[in-house]
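K.L.:
build me a model from this:
(chains A and B)
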Amino acid sequence: MALPKLRRKLELDEDDLQTLADLFIRCTAQKSMIAGLPTDHKGLRAIPLKIEIDWNGLPFREVMPLIIPRREAAVTNVEVMRELIDKLPGSPPVVIVITLLDEPAARALTETIRSGISLPYAYDLVILNPADLQQLASSAEPERLLRRLILSQVNLISVSPFKTEGPVSLARFFGREWEIRQIRENIDTTSFVIIGGRRIGKTSLLYRLRTSGLQRENFYTLYFDCSIVSGTAELKAARAHDWIPRSPDPSLRTIGDVLAAPPSSNRIVLFLDEADKLVPLDRANGWSFFNELRAIVNGGRARVIMAGERILRKALHDPEGPLFNFADEIRLGPLDVGAVRELVTKPMQQLEIEIAEPQEVLGLIWALTSGHPNVIQRLCQRLIEKLNRESRRQIGPEDVNAIAEDPEFLREDFLETYWERATPLEKIVSLLMAEDPELHTRKAIRQALDERCDLQPTAAEVDDALQNLVELRSILKRTPDGYEFNVPAFPRIVAHTMTLDDILEDFAEAYREQNP
Amino acid sequence: MTTDIFIAGGALTDEQAEIYIERQADQEVLIYLRTMKYIQIIEPRQQGKTSFVNHLIYLARSNDMVIAYVDTSTIDHSTEANCYHSLYHRILDQWRELIPPAQRPAIPANSTGWRKFLYDLAVYAYARQLRILIVLDEIGASRVPNATDFFSVLREIFNSRQTQVPFKNLTFLLTGAFRPRDLIDDDSISPFNIAQPLRLPDFTASQVHELVAKGGWPEEQARSVSERIHYWTDGHPYLTQLLCGYLGSEATPADVDQGVERLQREDPNNLPPLLKALDKDTKLREYVDSIRIGEKIKFYPQANQRQAKLDLLGLLKADGYGYCSVRNRIYDSFLSAAWGEPKRVTQQSIGAFRRRPRQPGNRPGIQEDFIYDVFISYSSKDLPWVRDMLIPRLDGISTCVDRLNFLPGISILDNIEDAAKSSRRTLLVITPAWLKSEWTAFEALLVQMRDLTGRRQRVIPLLVKRCKLPDRLGILTPLYFTHPNEFELQMQRLIDTLRSVLPSRP
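P.N.:
Okay, the predicted model is just below:
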């Protein structure tokens, strides 16, 4: 290795720089190569490197600049470093810097760069010293070691695979085998409606079905998110842009085209997401859209899979409406234990994060989240943020417990997710049940509503609220005696996060405003 | 030294970057932008949102990031089509050189056209390896017709990123002083439930010092002045800048106090609008008063609509323990001057809910003199539970425990009566043994003292072992410690209940 000689030189020449770049490439077992011209700036050289290692699905860019200082002093000047990074094409989020310094000088340099560049400008600079290069060169698994070295220094938040908003990718999709099988096996003859609460994974399931569930069965799937239209005419005029695979017929430009003339030889499945929005719009229009949809489905010319929640479910059970007996209903609830395990451990493995006492960690996560996929991902994202702050790469039960006590997580992630779209009455019922562990029956709940909040909803209203808390929110479950929490952590979280009298008063007022 | 550099009112620009104080959000936003997350900043007026945006634009602009800034309060809202037309020009006029007129997308006229426009922009950026950030500022002041559909599109294109990859090159920063539900029908199908929320909190003491130091005062003087400013403003950005601007070269903490008086007298931009908003809403004003007299209410504006309104007005924040507090001493003293010292809220004015028997309503403990926070009545057979399970959890709550505090030579009944009267709350550790040994004395006391009944939750039964409650106690709702799994929950409820009646302590 040429390092000792280079370290004695005060200034590196062209050959030395090339030697260092070659050294890095050799260290990575030729998994990296120079992919363009170098950029020089005030004693620093940046060489674009194409690093072809398996990133385990993490969102790293293929090309990372390798910065080599011609003079060691140049690398400590953070302004010069920043000027160089700004000159590089494509604003690289991760830059590898080679230093010839030993510990502890290398560590001091890392701190200087971290406080001078990485934090204020949110770049990730991975600093490799001679010991790291030595380790890379002698490693039996240089690719894995390089990945680990990079992951140990980058900001984990920027590469975290946990997804707290929007549908998840196939790589992040776990569980739901029963639902997928049910749909795949029957889609030839049956349409489906997927009912579930917010963030429970309806859109992710639709995406999973489209990309690997039904594509294999040679279906053409067309997806449309109904939340963006304000009328069925606008829906029909909307572009049919989201086909998997590509549209079987270029003349099918709009949703209306597909409805008017679905190609009989093709197997088309129309996915209508956020279909709650359509129900009142179409009802006001004499159900023309759903009647048309029904005619197509009954004629066997296409299948439909809709996703939604309360309004869609009501329409589905309305014997006077066009959606009655239109489709099979699939209710989407929390994940099972196996899927939760995968959802937690696989991304952690990707990030090279070790889970100490995995059984206990998973047990705590299960106890806290009861399998709600979005709450789990939010919890895991908070774990990642915690590790990132504390510059650690191992989580243990105490980390999960710390998040479980964090009011910000409990309010903004847990309660916001479980309560999203819940009505004031649903929230009040869940609070009263959290307050009084003996409250199980509709009768007792109505009594408590009266005594505690001076509210007198009808039995049907309370039934509706309870049903939604079971079927949409997954907060409660039915028991032979009535209802109890499906999320056992709920009462503790309520006690921990809010002043019950105050919040009950607020919700009661909201209920009265909505039900004057 | 100079105070000319301090600016209260209006956003800081690039030229005024020297007095920009960076907060944690300034770093977080760059990390979120790296992964093209949507970002939202919902804060009260004068919290530094637009200054933050200007600073971000300065920092984030790079050779692959293009940014368009739109103040949505100034676009044409007369019709839906005009609104989109105006928005279209506001965005593209900033990118004249980037997107030649011939390559501009079509002008949208409705929400589906708006989606098509954004898709075309995203495709353009994707083909050139550019990333687009569109900043929509002052969203609360905008009146976009069919706002629900407008915002639904932003959410829908975010969710489409997996199948329509160009959308990965387009992101939004949404800012303003607003509650999403005031703008749109359903905030759960809007970008506001997928965007990363960023908060711009008040300055810390060291950030106030950092700002004051920019005035050029000698270090010692700057330190004493900044401490006094922080004492009054608690880091409120606008008020802090305003006070700094009032000070002269010989400034002392006493000058800061005079500055506060001047500010309360003269500033038209912050305090009068706040007072006006509160005076319009009696219930809100009463709620503020209940917080000012020391009611312990957990700060939870995401769920509580009254708190959300006050949070957005900038009047409320969480204290160090997570309870609601008036945001700074300037506001507190201003409200005292305007309304007088806070009064206890009458039951009738607060509404039906607080008239219910189990409501705390007025808090007698706040105005009455007590020796103890809690009197614990228990049977000697339950001493281990009280000693090991209960008392260690009542940290910071003064307790009267009969065997330690009862005076010798006085009847048990008198001792119990004295203890109950001297304590804000009385806890009954109810077990079969307690019913057998203590209940008779206590029942007599309940008969004598009407204010010990449950109307004010003065007596809190703790059901520790299963037993049938006597009728007189049956009217009170107990806390159940009979299920081991519920212990923590019930204990937390007990602690919260007790803490909610404690007076504020330094």
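K.L.:
so what touches stretch A:209-223?
P.N.:
Outside stretch A:209-223, the residues within contact range by CB atoms under 8 Å, 6 or more residues apart in numbering or on different chains are A:170, A:180, A:183-184, A:187, A:206, A:240, A:242-245, A:247-248, A:255, A:258, A:266-271, A:273, A:303, A:305, B:163. Quick note: C-beta positions are derived from backbone N, CA and C, even for glycine.
K.L.:
from those residues, list the buried ones, please.
P.N.:
Applying 16 or more other CB atoms under 10 Å in any protein chain shown to those, the neighbour count classes A:180, A:183, A:187, A:206, A:240, A:242-244, A:247, A:255, A:258, A:267-271, A:273, A:303, A:305, B:163 as buried.
K.L.:
mind checking which of the residues you listed are in helices?
P.N.:
Counted as lying in helices by DSSP state H, out of the buried ones among the contacts of stretch A:209-223, are A:Ile180, A:Ile183, A:Leu206, A:Ile255, A:Val258.
K.L.:
using JSON lines, lay out those together with pLDDT and distance to B:Asp471.
P.N.:
Compiled in JSON lines, these are given as follows (pLDDT from 0 to 100; distance: CB to CB, whole Å):
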{"residue": "A:Ile180", "pLDDT": "94", "distance to B:Asp471": "58"}
{"residue": "A:Ile183", "pLDDT": "94", "distance to B:Asp471": "58"}
{"residue": "A:Leu206", "pLDDT": "95", "distance to B:Asp471": "58"}
{"residue": "A:Ile255", "pLDDT": "93", "distance to B:Asp471": "67"}
{"residue": "A:Val258", "pLDDT": "91", "distance to B:Asp471": "70"}
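K.L.:
output those as TSV; include the columns distance to A:Thr164.
P.N.:
Converted to TSV, these look like this (distance: CB to CB, whole Å):
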residue	distance to A:Thr164
A:Ile180	23
A:Ile183	26
A:Leu206	19
A:Ile255	30
A:Val258	33
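K.L.:
how close does the closest residue in space to A:Arg492 that isn't next to it in sequence get to A:Pro488?
P.N.:
Across the structure, with CB to CB, 6 or more residues apart in numbering or on different chains as the measure, the residue nearest A:Arg492 apart from its sequence neighbours is B:Leu489 (4.6 Å). Remark: distance between B:Leu489 and A:Pro488 (CB to CB, to the nearest Å) = 10 Å.
K.L.:
again with B:Val66
P.N.:
As judged by CB to CB, B:Val66 and A:Pro488 stand 49 Å apart.
K.L.:
compare B:Leu489 and A:Pro488 (neighbour count), which wins?
P.N.:
Summary of the neighbour comparison: B:Leu489 and A:Pro488, criterion other CB atoms under 10 Å in any protein chain shown, with B:Leu489 having more neighbours (24 against 14).
K.L.:
wait, that one touches A:Pro491, no?
P.N.:
Yes - using CB atoms under 8 Å, B:Leu489 makes contact with A:Pro491 at a distance of 4.9 Å.
K.L.:
who touches both of these two?
P.N.:
Taking CB under 8 Å, 6+ apart as the contact criterion, the common neighbours of B:Leu489 and A:Pro491 are A:Ala434, A:Pro437.
K.L.:
buried ones in stretch B:464-474?
P.N.:
Quick answer for stretch B:464-474 (16+ other CB under 10 Å): B:Val464, B:Lys465, B:Leu469, B:Leu473.
K.L.:
out of those, which is nearest to A:Thr232?
P.N.:
Proximity of the buried residues of stretch B:464-474 to A:Thr232 was ranked by CB to CB; the top entry is B:Leu469 with 59.6 Å.
K.L.:
so which helix or strand takes in that closest one?
P.N.:
Remark: B:Leu469 resides in no helix or strand, with elements defined by DSSP states H and E.
K.L.:
test my guess that it contacts B:Pro478.
P.N.:
Yes - when contacts are counted by CB under 8 Å, B:Leu469 is listed as touching B:Pro478 (7.0 Å).
K.L.:
what's the pLDDT at residue 223?
P.N.:
As the question left the chain open, I've gone with chain A. pLDDT, A:Tyr223: 95.
K.L.:
should've been chain B
P.N.:
In this prediction, B:Arg223 carries a pLDDT score of 94.
K.L.:
give the full set of residues in contact with the residue in chain A that chain B sits nearest to.
P.N.:
Nearest to chain B, among the residues of chain A, is A:Ala122, at 3.3 Å (CB to the nearest CB). With contacts defined as CB under 8 Å, 6+ apart, the neighbours of A:Ala122 are A:Asn155, A:Ser158, B:Gln27, B:Leu30, B:Ile31, B:Leu33, B:Arg34.
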